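Student: the following comprises the amino acid sequence and a computationally predicted model.
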Amino acid sequence: MSRSSRTPMSPTPCATRSRGWPDMLSTLPTSREAWVFPVPDLGDRRPEVSDGWASTRYSVDDKAKASVARLHLGADIMFRRRQRGELAEIYRPGTRHGTANYFMPDMVPAIAASAGVVIFAQWTGVGFTVKVFHPDGWTTYYTHLSLVSVAEGQAVVAGQPVGIIGFDPRDRRKLMHLHFELWRGRDDRRGATNPGPYLAAWERRSVPWTWPATAHRNAGLTYRPVGKSGERYPEWLHALKGKSGVYVIRERRGSDPPAVVYVGQSSTGRLFETLTRHLQTWRRWKGFWKGQYAEGHDPGLTYDRARVEVAVRVTSPAESIEEEARLIARLRPRDNLIGQPDEVPF
């Protein structure tokens with residue numbers, strides 16, 4: 001992670017003593033040396049507060065069978081859309097990935113706001129929750145996590161991942177976001193303080209991030225060459241390792257317009273491997289397809305690298321199959337045997 005030059009504002013030290021962790025806390029730098037925003041920038045995208053301090057929330061009291069109003073004691077953090085509809089085809093409003101104005105990708109880490117000791121890291125009714133106690137007597141609270149990457153009693157430093165952002169399982173929308181709180185004192189929610197002014201001043205950290213090539217589903221795909229046989233694949237192809245999504249292969253035909261020949265997908269984080277197997281014609285003669293899905297036809301089609309171009313759209317694992325079907329219906333690829341529109345004869 002890289003850090004920006006922004007000057008952090010640290011909370012004033014609290015009088016609360018560090019009960020239970022004095023030895024470990026004494027080895028950490030004082031909190032005022034570094035406070036950072038608890039969600040990293042993703043490339044050039046900066047997260048922000050999507051719902052702040054003291055907004056009104058409603059929950060159902062099961063005993064009273066009635067809706068109960070309560071105040072929001074922290075800040076919800078997401079990424080703002082730069083314009084209406086931006087990235088809406090990938091992080092659709094009304095789904096767990098977004099609203100009309102904000103969105104949250106999969107696998108975004110929540111990071112420790114400052115150095116401290118993890119005093120709680122467990123599943124709760126609102127998702128996985130982490131609490132970090134800091135040397136100056138403050139506690140930071142992170143919840144709606146889909147998993148945690150720290151353990152109770154572990155020392156952390158500013159910017160260290162504490163978990164992956166998920167959603168509140170009680171929320172009917174299942175909207176992905178980080179809920180963050182700042183408390184005066186050790187593990188005492190009665191000391192909850194408006195984190196807004198602090199968040200606005202804290203340093204930012206960033207992580208490398210590859211965004212989808214297009215912001216809208218109906219925007220044109222960007223096709224790129226993949227080199228010749230025997231050459232190393234381009235770096236943009238290697239960057240697909242560990243990702244899910246869809247790919248479109250089109251073939252150049254002399255002076256005629258290129259023809260879309262194949263659409264495929266990976267929903268298991270193997271987009272690079274799934275795509276490039278169509279470019280490895282030599283493996284056809286070494287039993288590469290033996291025992292694999294649909295051996296002998298789809299997806300055992302291979303193409304001459306020198307004659308094709310490829311477009312890729314990175315998606316969440318859950319969206320890749322749906323996106324593949326949509327592109328097949330739209331582009332009518334020549335060689336797909338699965339998912340072609342009914343009116344296409346075979």
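Tutor: Here it is on my side, so go on.

Student: could you look up the SS state of the residue most central in space within the chain?
Tutor: Centrality entry for the chain: nearest residue to the mean C-alpha point is residue 106, 2.8 Å, by C-alpha atoms, centre = their mean. Here residue 106 is coil, with the state taken from DSSP: H, G, I helix; E, B strand; the rest coil.

Student: again, but for residue 272
Tutor: Criterion first, three-state DSSP; result for residue 272: helix.

Student: mind listing what it touches?
Tutor: 237, 238, 240, 241, 242, 243 (C-beta atoms under 8 Å, 6 or more residues apart in numbering). Any C-beta I mention is one placed from the backbone N, CA and C, and that applies to glycine too.

Student: now the last one: closest residue in space that isn't a chain neighbour?
Tutor: Ranked by C-beta to C-beta, 6 or more residues apart in numbering and with sequence neighbours excluded, the top spatial neighbour of residue 243 is residue 271, at 4.8 Å.

Student: now that neighbour: how far from residue 224?
Tutor: Residue 271 sits 15 Å away from residue 224, going by C-beta to C-beta, to the nearest Å.

Student: which one of those two is surrounded by more residues?
Tutor: Using other C-beta atoms under 10 Å as the criterion, residue 271 and residue 224 rank with residue 271 on top: 27 against 13.

Student: ok, which pair from the contacts of residue 272 is furthest apart?
Tutor: 237 and 242 (12.8 Å; C-beta to C-beta).

Student: okay, the two: which has more neighbours?
Tutor: Between residue 237 and residue 242, counting by other C-beta under 10 Å, residue 237 is the more crowded of the two (20 against 10).

Student: the one helix or strand that one maps to: which residues count as buried?
Tutor: Per DSSP states H and E: residue 237 is located in helix 235-238. For helix 235-238, the neighbour count (16 or more other C-beta atoms under 10 Å) marks residue 237 as buried.

Student: that one: how far from the chain's middle?
Tutor: Mean C-alpha position of helix 235-238 versus that of the full chain (C-alpha atoms, centre = their mean, to the nearest Å) differs by 20 Å.

Student: do stretch 187-203 as well
Tutor: Worked out by C-alpha atoms, centre = their mean, stretch 187-203 lies 24 Å from the chain centre.

Student: my guess is residue 275 contacts residue 241, does it?
Tutor: No. Counting by C-beta atoms under 8 Å, residue 275 stays clear of residue 241, with 10.6 Å between them.

Student: so between these two, which is more surrounded?
Tutor: A count of neighbours by other C-beta under 10 Å puts residue 275 above the other of residue 275 and residue 241, at 24 against 11.

Student: end to end on stretch 182-194, go ahead and measure it.
Tutor: End-to-end distance of stretch 182-194 (C-alpha to C-alpha, to the nearest Å): 7 Å.

Student: no wait, stretch 40-47
Tutor: 7 Å.

Student: quick one: buried residues of it?
Tutor: 40, 41, 42, 45, 47.

Student: which pair in those residues spans the largest distance?
Tutor: Among the buried residues of stretch 40-47, 40 and 45 lie farthest apart (C-beta to C-beta), at 9.7 Å.

Student: can you lay out the contacts of residue 272 as TSV showing distance to residue 303 and pLDDT?
Tutor: Below are the contacts of residue 272 laid out as TSV (distance: C-beta to C-beta, whole Å; pLDDT from 0 to 100):
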residue	distance to residue 303	pLDDT
237	14	92
238	19	91
240	17	92
241	21	92
242	24	92
243	21	92
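
Student: any idea which of those residues is closest to residue 132?
Tutor: Closest to residue 132, out of all of the contacts of residue 272 and judged by C-beta to C-beta, is residue 242, at 28.1 Å.

Student: in stretch 96-105, what counts as buried?
Tutor: Per 16+ other C-beta under 10 Å, stretch 96-105 contains these buried residues: 96, 97, 98, 99, 102, 103, 104, 105.

Student: so how far is residue 89 from residue 100?
Tutor: For residue 100, the distance to residue 89 (C-beta to C-beta) stands at 14 Å.

Student: would you mind writing the CA trace of stretch 143-155 as PDB?
Tutor: C-alpha atoms of stretch 143-155 as PDB (Å, rounded to 0.1, in the frame of the first residue of the first chain):
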ATOM      1  CA  THR A 143     -18.200  -4.300  11.100                       C
ATOM      2  CA  HIS A 144     -20.200  -5.900   8.200                       C
ATOM      3  CA  LEU A 145     -17.100  -7.800   7.300                       C
ATOM      4  CA  SER A 146     -17.400 -11.000   5.200                       C
ATOM      5  CA  LEU A 147     -14.200 -12.400   6.800                       C
ATOM      6  CA  VAL A 148     -11.400 -11.200   9.200                       C
ATOM      7  CA  SER A 149      -7.700 -11.300   8.700                       C
ATOM      8  CA  VAL A 150      -6.600 -10.600  12.300                       C
ATOM      9  CA  ALA A 151      -7.000 -12.400  15.700                       C
ATOM     10  CA  GLU A 152      -7.700 -11.200  19.200                       C
ATOM     11  CA  GLY A 153      -4.500 -10.200  21.000                       C
ATOM     12  CA  GLN A 154      -2.700  -9.400  17.700                       C
ATOM     13  CA  ALA A 155      -0.900  -6.100  17.300                       C
END
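
Student: what comes into contact with that stretch?
Tutor: 24, 27-28, 109-110, 115-122, 124, 126-130, 156, 160-168, 176-179.

Student: any idea whether residue 227 is helix, strand or coil?
Tutor: coil.

Student: count the neighbours of it for me.
Tutor: 14.

Student: got it, and residue 143?
Tutor: 22.
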